[in-house]
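Colleague: can't give you the sequence, but here's the structure:
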């Protein structure tokens, strides 16, 4: 009985309007164990990537209609496809064309005519980097799953992480925060309480007043969460959220007793939206409150030094305009 064929080493999309070029590249790479798919124009390439993202794209620059620069820019602007390595294959040697390629996000260049050994080496190198990136994303997914398992221990907090992620990104966007900070806020919404995995369930779900020792254990979760996520360098902007989301504007919070603007902005954002979510969510001991009840209570919390008063007013303004609820409703409508 014959052994089954080994799985492909990766899927490569070749985008070129000249069929002879596609055939040449496929003849070089297919024997190396790669699965080859092709598109003869930019629009078709985007369709194929949307249907099933490849591991690497070899992209011709000069094509009719949408050229390689346009295709590259579209893919690198999309959160779902920006990490796919793109090699721009071109006969253009002008410095300005190279600069333009770098500006739209190309990961490498290959000049025509090229040597087969050079093509194989570049493909192998970029696919190795793609594998490392995929492993990092897998690790982040595991951590988010872990965080959601903590949330699932308490039926009253169902959807809490998703809501915090969406609310905080909306507030951050209204403040003009850069993309990396918005991404940190989204991840932070899911990961802020991941350290509670180390807190006994009997404490998390206790309905009576916590003892001093139980409070001490609860207050360790930001530090534990930071320790869990710290090995992943891709989460470096999320770590301040995880560690400091329980600090207070007046300095009475934990774990470090930071005060005012000593508290990282992203942590202050999560704190403000967390207060709102707690007030508008049903608990065994209370019904959810509506906006007319919530806003005065939030302002009272601010006056007592719990949270950043400026961020609080900004978020209230977003809630009143309905903007903060748009993303949440869209996310709910996508659920199966």
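Modeller: All right, it came through fine. All values derive from a computational prediction rather than experimental measurement.

Colleague: And residue 301, how close does it get to residue 124?
Modeller: 56 Å (Cβ to Cβ, to the nearest Å). For glycine as for every other residue, the C-beta is placed from the backbone atoms N, C-alpha and C.

Colleague: who touches residue 269 in this structure?
Modeller: 168, 171, 172, 175, 185, 311 (Cβ atoms under 8 Å, 6 or more residues apart in numbering).

Colleague: can we see that at 7 Å?
Modeller: Contacts here follow Cβ atoms under 7 Å, 6 or more residues apart in numbering; on that basis residue 269 touches 168, 171, 172, 185, 311.

Colleague: Run a quick neighbour tally on the residue nearest to the last one when sequence neighbours are not counted.
Modeller: Excluding the flanking residues, the one nearest residue 311 by Cβ to Cβ, 6 or more residues apart in numbering is residue 272, at 4.9 Å. The burial count assigned to residue 272 is 26, neighbours taken as other Cβ atoms under 10 Å.

Colleague: In a strand, residue 272, correct?
Modeller: No. Applying DSSP: H, G, I helix; E, B strand; the rest coil, one finds residue 272 to be helix, outside a strand.

Colleague: my guess is it contacts residue 307, does it?
Modeller: Yes. Residue 272 is within contact range of residue 307, at 5.2 Å (criterion: Cβ atoms under 7 Å).

Colleague: Check what pLDDT the closest residue to residue 168 other than its chain neighbours gets.
Modeller: The shortest distance from residue 168 to any non-neighbouring residue, by Cβ to Cβ, 6+ apart, is to residue 185 (4.3 Å). At residue 185, the model reports a pLDDT of 95.

Colleague: any idea how far residue 185 lies from residue 237?
Modeller: Taken as Cβ to Cβ, the span from residue 185 to residue 237 is 9 Å.

Colleague: Neighbour count: these two, which is higher?
Modeller: Neighbours were counted for residue 185 and for residue 237 using other Cβ under 10 Å; residue 185 has more, 29 against 18.

Colleague: Which of the helices or strands spans the more buried one?
Modeller: Per DSSP states H and E, residue 185 falls inside helix 179-191.

Colleague: need the contact list for residue 76.
Modeller: For residue 76, the contacting residues are 82, 104, 105, by Cβ under 7 Å, 6+ apart.

Colleague: List just the nearest of those residues to residue 9.
Modeller: residue 82 (22.5 Å; Cβ to Cβ).

Colleague: and the gap between the closest residue to the closest one other than its chain neighbours and residue 314?
Modeller: Spatial nearest neighbour of residue 82, excluding adjacent residues (Cβ to Cβ, 6+ apart): residue 76 at 4.9 Å. Noted for residue 76: a distance of 31 Å to residue 314, by Cβ to Cβ.

Colleague: Equivalent analysis for residue 17, please.
Modeller: In terms of Cβ to Cβ, residue 17 sits 50 Å off from residue 314.

Colleague: Kindly check the end-to-end length of stretch 188-204 for me.
Modeller: In stretch 188-204, first residue to last residue: 20 Å (Cα to Cα, to the nearest Å).

Colleague: Can you list the buried residues in it?
Modeller: 188, 189, 190, 191, 192, 193, 194, 195, 196, 197, 199, 204 (16 or more other Cβ atoms under 10 Å).

Colleague: which residues does the fifth one contact?
Modeller: The contact partners of residue 192, taken as Cβ under 7 Å, 6+ apart, are 241, 242, 245, 270.
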